[in-house]
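generate coordinates for the sequence data below:
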Amino acid sequence: MTASDYQRLAGLFPTEVVTHSYVSDIALPGGAGTFALITLDNDVDHTRPTTLGPNTLLELGEVLDSLKARAEAGEIVGVGVTGKPHYLVAGADLSATQKLASYEDGLAMARLGHEVYGKLHTLGVPSFAFINGVALGGGLEIALQSQYRTVSTGAGALALPEAFIGLVPGWGGVYILPRLIGPENAVKVMIENPLSNNRTLSGPAAFKLGIADVLFEPADFVEQSLAWAARVITGEVAVSRPNAADPSATPEAWDAAVAHGRAVVEARTSNAAPAPAKVLDLLEAGKNWTAEQSRKAECEALADLMQTPQFHSTVYAFLDLVQKRGKRPAGAPDKKLARPVSKVGVVGAGLMASQLALLFARQLKVPVVMTDIDQARVDKGVGYVHAEVDKLLAKKRISPDAANRTKALVSGSVSKEAFSDADFVIEAVFEELSVKKQVFAEVEAVVSAECILATNTSSLSVTEMAADLQHPERVVGFHFFNPVAVMPLLEIVRAPKTDDAVLATAFVLAKALKKTAVLVKDDAAFVVNRILGRMFGEITAVFDEGTDAATADNALRPMGLPMSPFTLLALVGLPVGQHVQESLHAAFGERFWLSENSQKIIDAGIKSLWQKDEDGKAYIPAETLEMLDFGNTPSTSEEVLTRTQDALADEIGRMLDEGVVAGPEDIDLCMILGAGWPMHLGGITPYLDRVGASERVNGKKFHAEKEPAQAAS
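Next up, the predicted model:
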């Protein structure tokens, strides 16, 4: 590519928020010489992360060229790159990638990144990266392309998330990382973590893997990094990398890591998305490549993937939904109406209640009191919280002081009088309306008039729950998903009498708890469980009609769901799934199939339809099949898929007509964050539009004017 090609590329981004490369000359301690430190900064506060675009890269390239000249002149002995507070670089600007409309533009962007990053190891003096904060994608690859790396213990969100967003680590990461930390660890970072809800690494975790050479505390991180760099430059420190791997010396380890990665991709995506497989293709072929050969293949892969409908769908799902709509919930009242919450009560001390207590204590840092019907249950719930805190401490995810403070915040009582000074009380008791009504009546009798009462119900009517209270306006649905610490969605349910101050408090709390909240109407099972219930109903119905289990359970594989319906039901718990299905059947009738076979399995104490043989192959025991009754109208896999697509389109159409949420985008957001709907499908409603189900069932698309995604089914 020529300079004019890159300038033309930069011209496509006239509104790019440029991350500037500011250079400071620093006299290294011990007379080691002058060190040039580049600080990447977009001149905006921490609310606007530093990102990478063509203008940013061109400026960085020019700065590195000038530093190379200075190095050749003997003016500097080393070059370092760090970032503004909290960030090294948060990766490429995803919104900008949508402007790369052609293969040639994508290829130019890929090559520009490689050309600029390549300068970091051709300066003639050692190059360093001081990872002070977030380093994602291309941000982490800046560090990988440097010769030495330090990382702060306070740095969070280090990752190569490209497989998650539909790309590959295309600026050297896929080649450098496995050689730096070993292929098995590289697969964890490039495949397992992205496909596990886009998990990231902390600074200490990155150091443990070998991504960074040394770990320093945040208070004087840059100073310590400079002092260490001086010792490296003078030869006082020799850097050891015990996890480094040579593919020519350990080809079996390389092959095993790739095979493991492919198994993970198959399990998590059913191979329905191209990007994860392409990452592994590059890793596998790269075993025998030079850096230059890998560079060429990486650039071509990036350019190809940027043009795929799956990538554009992911951009819509991640950027437009998760990042934008998720942070500005439709229908949320003015946050100024929110009331302060200085103490939280949790009714119940079972597993769900205990998870809620831990979340509130950790995130809000306010006292949390749990109650249950006897001391043994209370002690068990508080003990669970303490044990989970101890696990976090053992993993070094929290400090000893934080662990002690969190434990001290959580207490238990057998009397609801303990809620007398609480500002927010949430119930997480058995999913039975009469039980929840009794709980709320008892709580209302002891709390203040301003105390908010929340329910974690997954399917029951919030309106009915509040009907007999003196102040029904104080009741709000606050539906978490299990496991609470992991699942990001929070369905906030407004009953007809819920007032704005209560609702505003709920949304402010959701943000403080680091959850993405969506406002939903008080209809049975709300959004996620209603849609899943319709899906489960179709799959169990075709099974009961005589379709073999493997066909029924695997028919939805083209959707790329994280697990099959029967597997998900077993994970949720067959009794729980059946209870929700009963609620939906009672509310909406025959379109929610209530399987007698499922009830027989539950009554027999069977936890899952599928069992595993000695070789790990799934099968249904003969004794299980013998207790079930089947029809004689089996369906093909294609028929099951189409039937389920149409059922989902029908149910979502009804939900939108009923005003359950503000729009189809909220349906998409709920399914992505609450049910693991694949990003590469761009949301469930665009998917149903693309496969024709919306028009077959409703006579129109959910996104008639402008389809936000165009991914193939």
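
could you use CA atoms for every contact and neighbour count after this?
Noted.

what about the strands in the stretch 551-700 of the chain?
611-612, 618-619 (DSSP state E, counting those that start in this stretch).

what strands line up against the last one, and which way round?
So the one you mean is strand 618-619. strand 611-612 (antiparallel) (DSSP bridges).

and the lowest mean pLDDT element among the helices and strands of the chain?
Between all helices and strands in the chain, the lowest mean by mean pLDDT, DSSP states H and E belongs to helix 94-97, at a mean of 76.

just the CA coordinates for the helix or strand just after that one, please, in CSV.
Remark: after helix 94-97, the chain's next helix or strand is helix 103-118, criterion DSSP states H and E. Output of helix 103-118 as CSV, limited to C-alpha atoms (Å, rounded to 0.1, in the frame of the first residue of the first chain):
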residue,chain,number,x,y,z
TYR,A,103,-12.7,-5.6,0.6
GLU,A,104,-10.0,-3.2,-0.6
ASP,A,105,-10.8,-0.8,2.3
GLY,A,106,-10.7,-3.6,4.8
LEU,A,107,-7.4,-4.8,3.4
ALA,A,108,-5.9,-1.3,3.6
MET,A,109,-7.0,-1.0,7.2
ALA,A,110,-5.5,-4.3,8.1
ARG,A,111,-2.2,-3.5,6.3
LEU,A,112,-2.0,-0.1,7.9
GLY,A,113,-2.2,-1.6,11.4
HIS,A,114,0.6,-4.1,10.6
GLU,A,115,2.8,-1.5,9.0
VAL,A,116,2.6,0.8,12.0
TYR,A,117,2.9,-1.9,14.7
GLY,A,118,5.8,-3.4,12.8
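
buried residues of helix 103-118, list them for me.
Using 16 or more other CA atoms under 10 Å as the test for burial, helix 103-118 gives 103, 105-118.

gap between the helix or strand following that helix and the chain center?
As assigned by DSSP H and E, the chain's next helix or strand after helix 103-118 is strand 127-131. The chain centroid and the centroid of strand 127-131 are separated by 27 Å under CA atoms, centre = their mean, to the nearest Å.

relative to the helix or strand following strand 127-131, what are the paired strands and their orientations?
Per DSSP H and E, the first helix or strand lying C-terminal to strand 127-131 is strand 134-136. Pairing partners of strand 134-136, with direction, according to DSSP bridges: strand 87-89 (parallel), strand 158-159 (parallel).

reformat those as TSV; add mean pLDDT, mean neighbour count and distance to residue 577.
TSV is the format used below for the strands paired with strand 134-136 (pLDDT from 0 to 100; neighbours: other CA atoms under 10 Å; distance: least, CA to CA, whole Å):
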stretch	mean pLDDT	mean neighbour count	distance to residue 577
strand 87-89	96	28	43
strand 158-159	97	26	35
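
could I get the ones you listed as a markdown table with distance to residue 294?
Shown next, in a markdown table, are the strands paired with strand 134-136 (distance: least, CA to CA, whole Å):
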| stretch | distance to residue 294 |
| --- | --- |
| strand 87-89 | 23 |
| strand 158-159 | 20 |
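
so which of those gets nearest residue 230?
With CA to CA, the closest approach to residue 230 among those belongs to strand 87-89: 20.9 Å.

can you give the contact residues for the closest one?
By CA atoms under 8 Å, 6 or more residues apart in numbering, the residues outside strand 87-89 that reach it are 40, 49-52, 82-83, 131-136, 138-140.

which parts of the stretch 251-400 of the chain are helices?
251-269, 274-286, 291-306, 309-315, 351-364, 375-394, 400-409 (DSSP state H, counting those that start in this stretch).

can you redo those helices as JSON lines with mean neighbour count?
As requested, the helices of the stretch 251-400 of the chain are arranged in JSON lines below (neighbours: other CA atoms under 10 Å):
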{"stretch": "helix 251-269", "mean neighbour count": "18"}
{"stretch": "helix 274-286", "mean neighbour count": "21"}
{"stretch": "helix 291-306", "mean neighbour count": "20"}
{"stretch": "helix 309-315", "mean neighbour count": "25"}
{"stretch": "helix 351-364", "mean neighbour count": "21"}
{"stretch": "helix 375-394", "mean neighbour count": "18"}
{"stretch": "helix 400-409", "mean neighbour count": "16"}
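
nearest to residue 216, of those helices?
helix 400-409 (18.2 Å).

now the angle from that closest one to helix 351-364?
130 degrees (axes from the mean of the first three to the mean of the last three CA atoms, to 10 degrees).
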